[in-house]
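[1] Fold the following.
(chains A and B)
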Amino acid sequence: MEYTGAQILLESLKREGVDLLFGYPGAAVLNIYDELPNYPEIRHILVRHEQCAVHAADGYARASGKAGVCLVTSGPGATNTVTGIATAYCDSIPLVVVTGQVPTHLIGNDAFQEVDIVGITRPCTKHNFFVEDVNKLSMIIRRAFYLARSGRPGPVLVDLPKDIVQTKTKFVWPEEIGMRSYNPTYKPHGNQLRRTVAELFRARRPVLLAGGGVIMSGAATDLANLARKLQLPVVATLMGLGSFPATDPLWLGMVGIHGTYAANMSINHADLLLCVGTRFADRVTAKISAFAPRARIVHIDIDPTSIRKNVQVDVPVVGDCRLSLQGIQEICDLTLAGKDWVAKHADWLVSAQNWKKSTPPTCQKNGEVKPQQVVEALFGITGGDAVIATEVGQHQMWTAQFYAFTRPRTLLTSGGLGAMGYGFPAAIGAQLAFPNKKVIVVAGDGSIQMNIQELATAVANRLPVKVIILNNRHLGLVRQLQELFHHGKYIASNMEAQPDFVKLAEAYGAEGYRITKPEELQPVLQKAIASPATALVDVVVERTENVYPIVPTGAALDEMLLM
Amino acid sequence: MKRHVLSVLVENESGVLSRVVGLFSGRGFNIHSLNVAPALEDGVSHMTITTYGDSLALEQIVKQLHKIVSVIKVVDFEDIPTVEREMMFVKVQAEGSARGEILRTVEIFRCKVVDVSHSEMIIEATGDHCKLEAIISLLQHFGIKELARTGSVAVRRSRKAD
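    Numbering: from 1, shown residues only, chains lettered A, B, ... in the order given. You can find the predicted model right below:
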């Protein structure tokens, strides 16, 4: 029996275990949509903007650990995915994005809805494919998933011309992936692990720095085991939040330009940094020449290009974070059993605790609703048993600082790209992955308006996603930067002209709530979160609250402004 | 900043050149010369890239090239004995007494004259990039009208018996 390209695509997706397809139809992909009813295993979610198909697939992937998949049409459908793809690329999220394309004979003719999406996305995908022959389609889909999921994960795009989708051929599911040019290194080098253990044993002021790679590789348990065994204080990047329980005494907080005092001071004074699955982004290191000035650095990462890109390291370990941490633990158990790991740095643990106690993240309460209080209330209500998505801005940093993430895959946030409009669709994806979990978006009034149309998607699919808007009627982080570093020139950061979010939610068929006083926080949030419906809570917060600590541009991590 | 010659084997797929070139431009590395041609094996292309950078930049370039899914192999020829050659055509103004002088230069550098007219000669020259630079600087004196260079290609020397 012969299959059309459309059938081969869907059959291949099915074999890759795809159960959700986020998409938006258009002329170039209608043959694929025609076939969808024949594949009931694959549920299609119709979004309201192609960017959100990618963000939703990304949220699904971050929450579940599986690859997210989307399908969009050619031209504008394809270009609308670019922000989503770049978001996933920066944060190493496994996605397969299938774009329709004009028929092969029209390519290069500036046809209607034609765009060179393979060219456009080359720098922001892990790899991309143009399907020129229907006989290669199943292999390309297999390779796309393999590439997206393996090594350092990332988005892969497959561009599929309309005539290829219509062409019939025999379906062959390739047994072998056969890519000689792609061999990610999972197993770390034994010598490097032994050197790491030697460094750990020598260290008097060790710190464990966890990045997103810990979550990605499923290494959170191994990280916690090692940290507890060796009594290492733990800090994490924004992407690493949830990799270690923020309720643990060893936890010092997020590191970086909005990191906690304790985390940043510990980096500055450490004599050894064990860095796992992080790429030393500029938001983490602040002034690079003054980063960890007293420390020797061990850096574990599966991507060799991450090592020695920004920071010079003393012990590079190329490999999977989980296997590396397990290897380190084994060597510790075997060769150093019975030795006292803790006595040598007991003083250091005390100093770290003192920093943590003396200067915790805090806010001055004054009768108005403080945005930080909202996040604290959310943690109080959920107890950490929820998936929290954020948009990008002040609310994102307050969520990172004031919500005690205790498990991996419970924070969905655009860390690398910083894409406003990410959080809400990502939450939709996460809710579809886990229909029974509480999924909450913390948003700003600016960023929620970038993709607020997805209320329709949430309501149509009866998703109980909660949108909590910390509404300061400003682009808060921009306003803060203008206040602190641009001489108070508040240009284009006022967002007073805004819709009535409660009425807007109701117009979409969702529930709408408003909070204007601190005492309303607990009852109203509780009610909204308990509701089985899509709900939006407009929390009117103090207008000019700033995010602290903040490391000014060009300053070192320990040169934080605390208030 | 040191000159480096990189030998890169890639799958001969559409877009592979863009991936390599885009990597250099997107990450702020520079390409001094680039030569691409089919390799011995079917479906594989061989690129020779010459670039300038310090050792850290080169480490990143090599790692980033490796990271491109279509790249099979990358070798930085630094500290490896290699034979390196580049070919060029120089169309040079050649009138009157200059003709003799040009021919002498051609002989000294073991170049070839491949085309000649009343007023011009086209000279074919092969050598490493230093030799070609030397030829160009000598011929510039007569007036170079056109220049076409291939960019370097290089190959590792065979191991000598001890």
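[2] residues in contact with the spatially closest residue to B:K73 that is not a sequence neighbour?
    Distances taken as CB to CB, 6 or more residues apart in numbering or on different chains place B:L9 nearest to B:K73, at 4.3 Å, with adjacent residues excluded. In this view, the C-beta of every residue, glycine as well, is placed from N, C-alpha and C. Counting by CB atoms under 8 Å, 6 or more residues apart in numbering or on different chains, B:L9 touches B:A39, B:V44, B:S45, B:H46, B:M47, B:V71, B:I72, B:K73, B:V74.
[3] any idea which element the third one lies in?
    Taking DSSP states H and E as the criterion, B:S45 maps to strand B:44-53.
[4] before we move on, back to that, which phi and psi does the residue nearest to B:K73 have?
    As for B:L9, its main-chain torsions (degrees, to the nearest 10) stand at phi -100, psi 130.
[5] can you check A:E41 too?
    Dihedral angles of A:E41 (phi, psi; degrees, to the nearest 10) stand at phi -70, psi -20.
[6] Name the nearest residue to it, ignoring sequence neighbours.
    Once flanking residues are discounted, A:E41 sits nearest to A:K14: 5.5 Å by CB to CB, 6+ apart.
[7] And for the nearest residue to A:G26 once chain neighbours are set aside, the neighbour number?
    Once flanking residues are discounted, A:G26 sits nearest to A:T73: 2.4 Å by CB to CB, 6+ apart. The number of residues packed near A:T73 is 24, by other CB atoms under 10 Å in any protein chain shown.
[8] re earlier: go through the contacts of B:L9 and name the one nearest A:F402.
    Minimum distance to A:F402 across these is 44.6 Å, recorded for B:V71 (CB to CB).
[9] Count the residues that sit near the closest one.
    Every residue meeting other CB under 10 Å relative to B:V71 is counted, giving 21.
[10] pLDDT score for it?
    B:V71 carries a pLDDT value of 97.
[11] just A:A343 next, same as before
    Listed pLDDT for A:A343 reads 87.
[12] Phi first, then psi, for it.
    Phi and psi for A:A343, reported as degrees, to the nearest 10, are phi -50, psi -40.
[13] Please name the residues that touch it.
    Contacts of A:A343 by CB under 8 Å, 6+ apart: none found.
[14] Could you do A:D271 as well?
    Residues in contact with A:D271 (CB under 8 Å, 6+ apart) are A:A203, A:R204, A:R205, A:P206, A:R294, A:A295, A:R296.
[15] these two touch, right, the second one and A:V342?
    No. Under the criterion of CB atoms under 8 Å, A:R204 is not in contact with A:V342, lying 11.7 Å apart.
[16] Work out for me the element A:R514 sits within.
    strand A:511-515.
[17] Pull out the CA atoms of stretch A:201-215 and give them to me as CSV.
    C-alpha atoms of stretch A:201-215 as CSV (Å, rounded to 0.1, in the frame of the first residue of the first chain):
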residue,chain,number,x,y,z
PHE,A,201,38.3,17.2,48.7
ARG,A,202,40.8,20.0,48.7
ALA,A,203,38.2,22.8,48.7
ARG,A,204,37.6,24.8,51.8
ARG,A,205,34.9,27.0,50.3
PRO,A,206,33.0,24.9,47.8
VAL,A,207,29.8,25.9,46.0
LEU,A,208,27.7,23.8,43.7
LEU,A,209,26.2,25.9,40.8
ALA,A,210,23.3,24.1,39.1
GLY,A,211,22.0,25.1,35.6
GLY,A,212,19.2,24.1,33.4
GLY,A,213,21.2,21.0,32.2
VAL,A,214,20.6,19.4,35.6
ILE,A,215,16.8,19.5,35.0
